[in-house]
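>>> sequence and computational prediction follow.
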Amino acid sequence: MRADARAVLEGWAAPTPREGLLREDFLEHLRLHADGMYRECVPGHLTATTAVLSHDGEQVLLTLHGKAKMWFPMGGHCEAGDLSLAGVALREATEESGISGLRLLPGPLALDRHRVWCHPPFSHHLDVEYGAVAPAGAEAVISEESLDLRWFPVDEIPDPTDEITRQLARRAREVLRSG
């Protein structure tokens, strides 16, 4: 898993200078922390997030996060049985959306680091972000991790959310349209 993460990050062309710096930080984190992929790593750990798009790419499925009370894409922690970051992204998206048959887009599409409370007073998620496409007619099923789950037009994601969520949805749509 760690070797996959290193290969993914080393081979990824960052679309912005900020993400280029994050890429280097994530690689350094993996060099310094043998457990850097997993929740047990106190300073922070890699996670995978996925913007799930409708089959036509016009809508994005977001979850109202239980702790943050904000609309976010699906995502979460790496687990012992995971073999790749892409696999984590697809697993988490499937679990949290209730949609089977998601198709992962080539990625990653973005990187982000954000403060979380996995280890009080805080630690960081080093988030590797992907996009996926739902089959036509897919119906989402809310999981225990969400307060709500809804489809929104990619260009009309409501508050409360963040610019990272909006950016990921737009990038996923661009990749789907170009593909």
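Yep, it's here. Residues are numbered from 1 along each chain as shown.
>>> what segments of this structure are helices?
If you assign secondary structure with DSSP state H, the helices in the chain sit at 2-11, 17-32, 85-97, 163-178.
>>> need the winner for burial among those helices.
By mean neighbour count, with neighbours taken as mean count of other C-beta atoms under 10 Å, helix 85-97 ranks first of those at a mean of 22. C-beta coordinates here come from the backbone N, C-alpha and C atoms, glycine included.
>>> contact partners of it?
Taking C-beta atoms under 8 Å, 6 or more residues apart in numbering as the criterion, the residues outside helix 85-97 that touch it are 1, 4-5, 8, 46-50, 52, 61, 63, 73-79, 82, 99-100, 102, 104, 107-108, 128-130, 132, 134, 140-141, 143, 145-146, 149.
>>> try it again at 7 Å.
When contacts are defined by C-beta atoms under 7 Å, 6 or more residues apart in numbering, helix 85-97 is touched by residues 4-5, 8, 48-50, 52, 61, 63, 74-76, 78, 82, 100, 102, 104, 128, 130, 132, 140, 143, 145-146.
>>> are any of these buried, and which?
4-5, 8, 48-50, 52, 61, 63, 74-76, 78, 82, 102, 128, 130, 132, 140, 146 (16 or more other C-beta atoms under 10 Å).
>>> centroid-nearest residue for this structure?
The residue lying closest to the centre of the chain (C-alpha atoms, centre = their mean) is residue 49, at 1.0 Å.
>>> quick check: closest non-adjacent residue to that one.
For residue 49, ignoring the flanking residues on the chain, the nearest one in space by C-beta to C-beta, 6 or more residues apart in numbering is residue 75 at 3.2 Å.
>>> pretty sure the one you found contacts residue 50?
Yes. Taking contacts as C-beta atoms under 7 Å, residue 75 lies within contact range of residue 50: 6.2 Å.
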